[in-house]
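Colleague: Sequence first, then the predicted structure, then my questions.
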Amino acid sequence: MTQPVRAPGALDDPTTLAAMVDRLGAAFHVSDADGRLIDATPGLAALLGVSDDGALRGRPLDDWIADPSARRAALQALAPDAPARTVLLTLRGAGRATHAVETVTAVRGPDGAVRLQGMLVAASGIMGASQGGASLSTSGEAGRDALTGSLDRTHLNALGERLGRDPVTPVGVLIARLEGEDIPAEDRDVMRQLVARFLMRQVRANEEVIRLGDDEFLVVLGGASAEQVERVGRRVQLLALRSAPGPLSLGWAARDRGESLPALVARAAAQRVPVPTRERDAHEHRRAGEEPVGAGGWQGFGSGTR
């Protein structure tokens with residue numbers, strides 16, 4: 001029987017996949033249920049600053065993580081064949097600190113043993129990308145927030161100075177806050193990481209995510225008109241309704257001519273409202289004897305933004 005011919009570059013071709021793994025800089029690894037490494041692609045040793053691949057086998061990846069508590073909490077929640085978990089890490093190896101993004105899933109093998117399969121990518125490879133179009137990026141001037149991998153407030157200060165010298169450049173902002181005072185303290189850092197990652201996935205690479213405070217994040221929409229800011233805000237709100245990692249409130253605003261960055265951020269924050277979630281709203285409406293919001297579909301922001 002004639003075997004089907006694979007098209008050049010097809011993703012079911014092992015040679016193509018192996019080349020992609022090598023060139024894209026992703027490190028794939030397999031661990032046992034306790035997190036001890038069983039096997040890994042050569043990229044993992046390079047990322048961790050280890051010269052000998054054999055030095056990794058049998059050791060937990062946590063040995064190279066500055067603060068492994070968030071990762072441990074995420075892995076404890078994993079179950080075989082459940083959705084993968086994504087965490088942001090600070091790796092320490094070869095005398096340097098490297099921010100990285102790890103996605104891990106748990107699978108049960110034919111022998112019944114549970115193994116963890118993961119992919120690790122240096123955050124600079126994700127967050128340092130740029131796309132065409134208007135950009136107000138000053139990433140070279142800014143540091144990264146160690147917990148979430150988002151930009152820190154030094155970037156906001158630099159951007160504010162630039163806008164102060166240019167009263168006409170259009171820009172929009174979207175502000176997101178992690179709500180839920182009942183989230184346990186030991187889980188809150190994990191939730192902050194996941195909120196930052198959620199926002200990074202929803203915007204273009206040149207639309208940067210800045211951590212404003214413990215639970216607040218800002219997305220800068222460089223060159224965006226009021227209509228474009230509104231579209232982005234509505235889209236992120238709808239995506240948050242479907243897949244946000246936790247309870248969020250969102251607000252957005254487009255810059256008025258001559259408006260300062262602090263005033264713009266304050267205006268977006270003043271318009272921030274909770275994103276409806278089916279579980280939370282169902283609970284609150286049942287307490288009030290009303291029909292849950294989730295039963296009737298998505299409820300929008302109303303007229304709170306432009």
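Modeller: It's in. The structure presented is a predicted model; accordingly, all values stated were derived computationally and were not measured. Numbers count the residues shown, from 1 in each chain.
Colleague: Quickly list the domain ranges of this structure.
Modeller: 14-125, 133-295 (automatic domain parsing).
Colleague: Now do the same for the first one: mean pLDDT, whole number.
Modeller: Right, domain 14-125. Averaged across domain 14-125, pLDDT comes to 79.
Colleague: do the same with stretch 218-234
Modeller: Averaged across stretch 218-234, the pLDDT comes to 92.
Colleague: For that stretch, which residues meet the burial criterion?
Modeller: In terms of neighbour count (16 or more other CB atoms under 10 Å), stretch 218-234 has its buried residues at 218, 219, 220, 221, 222, 224, 226, 229, 230, 232, 233. (Glycine included, C-beta is placed from N, CA and C.)
Colleague: returning to that earlier point: from the domains of the chain, which stretch is densest packed?
Modeller: Most buried of the domains of the chain, by mean neighbour count (mean count of other CB atoms under 10 Å): domain 133-295, with a mean of 18.
Colleague: Quick one: the strands in the stretch 201-306 of the chain, in order.
Modeller: For the stretch 201-306 of the chain, the strands defined by DSSP state E, counting those that start in this stretch cover 209-211, 216-222, 248-254, 273-274.
Colleague: Tell me which residues are up against the first one.
Modeller: Applying CB atoms under 8 Å, 6 or more residues apart in numbering, the external contacts of strand 209-211 come out as 145, 147-148, 150-153, 155-156, 196, 199-200, 203, 217-220.
Colleague: quick one: what helix or strand has the one residue sitting closest to the centre of the chain in it?
Modeller: Central residue of the chain (CA atoms, centre = their mean): residue 197, 0.7 Å from the mean position. In this structure, residue 197 sits in helix 185-202 according to DSSP states H and E.
Colleague: Give the other helices and strands that that helix contacts.
Modeller: Applying 3 or more CB pairs under 8 Å, 6 or more residues apart in numbering; DSSP states H and E, we find helix 185-202 packed against helix 69-76, strand 85-93, strand 171-178, strand 209-211, strand 216-222, helix 226-243.
Colleague: Kindly provide the whole-number mean pLDDT of that helix.
Modeller: Mean pLDDT, helix 185-202: 86.
Colleague: quick one, that helix and strand 85-93 angle?
Modeller: Here helix 185-202 runs at an angle of 100 degrees relative to strand 85-93 (axes from the mean of the first three to the mean of the last three CA atoms, to 10 degrees).
Colleague: so how far is helix 185-202 from its chain's centroid?
Modeller: 7 Å (CA atoms, centre = their mean, to the nearest Å).
Colleague: now swap in stretch 154-165 and tell me
Modeller: Mean-position distance between stretch 154-165 and its chain equals 24 Å (CA atoms, centre = their mean).
Colleague: Residue 38 should be in a helix, yeah?
Modeller: No - Residue 38 is assigned strand when assessed by DSSP: H, G, I helix; E, B strand; the rest coil, not a helix.
Colleague: That one and residue 29, how far apart?
Modeller: According to CB to CB, to the nearest Å, residue 38 stands 8 Å off from residue 29.
Colleague: Residue 258 too?
Modeller: Between residue 258 and residue 29 the computed distance is 52 Å (CB to CB).
Colleague: so where's the stretch 151-300 of the chain shaky on pLDDT?
Modeller: The model of the stretch 151-300 of the chain has pLDDT under 70 over residues 205-206, 277-300.
Colleague: In this model residue 109 seems to touch residue 80, though I could be wrong.
Modeller: No - Residue 80 lies out of contact with residue 109 (CB atoms under 8 Å); the separation is 9.5 Å.
Colleague: can you tell me how far residue 60 sits from residue 68?
Modeller: Here residue 60 is placed at a distance of 8 Å from residue 68 (CB to CB).
Colleague: same question, residue 109
Modeller: Per CB to CB, residue 109 is found 25 Å from residue 68.
Colleague: now the angle from the longest strand belonging to the chain to helix 69-76?
Modeller: Counting residues, the longest strand in the chain under DSSP state E turns out to be strand 96-108. Per the same axes, to 10 degrees, the angle that strand 96-108 makes with helix 69-76 is 10 degrees.
Colleague: Note down every partner strand of strand 96-108 and its orientation.
Modeller: Strand 96-108 pairs in its sheet with strand 85-93 (antiparallel), strand 114-122 (antiparallel), by DSSP bridges.
Colleague: Alright, I will stop here.
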